[in-house]
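Asker: A predicted structure for the sequence below; I have some questions about it.
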Amino acid sequence: MQETDLPAGVQYFLIALQLFALLIFLYFIWPLVKKEPWKAKFIDNKTARSILIVFVLIFVFVYGLSASFDYLFPLETLEASALP
């Protein structure tokens, strides 16, 4: 089933449910995130900083590669007249 098969009300309900779940997750996680010394753990630590830079570079590379393939080789749709 594709998401276009669902009625609009069900789609909006599912989006609202996901946003509600995100808010609940942030509510439980925020005190733990707030207590952590992020600067000392990730920015001042040279090894952790270099790993973060590598992760960002990998993400940018994969995103750029997929965007270039989407641009150079777009999806072809089948026409109803092309079917036997």
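Answerer: Yep, it's here. Predicted model, so just to flag it, every value in this text is computed and none were measured. Numbering: from 1, shown residues only.
Asker: In this structure, what helix or strand scores lowest on average pLDDT?
Answerer: Ranked by mean pLDDT, DSSP states H and E, the weakest helix or strand in the chain is helix 38, scoring a mean of 80.
Asker: I'd like the next helix or strand past it.
Answerer: The C-terminal neighbour of helix 38 among helices and strands, as given by DSSP states H and E, is helix 46-72.
Asker: now that following helix: how far from the chain's centre is it?
Answerer: Put simply, helix 46-72 sits 13 Å off its chain's centre (C-alpha atoms, centre = their mean, to the nearest Å).
Asker: for the record, mean pLDDT for it?
Answerer: Average pLDDT, helix 46-72: 95.
Asker: can you check stretch 10-18 too?
Answerer: For stretch 10-18, mean pLDDT is 94.
Asker: follow-up on the earlier one: tell me what the least confident helix or strand of the chain is packed against?
Answerer: Helices and strands touching helix 38, by 3 or more C-beta pairs under 8 Å, 6 or more residues apart in numbering; DSSP states H and E: there are none. Where C-beta positions appear, they are placed from N, C-alpha and C, glycine not excepted.
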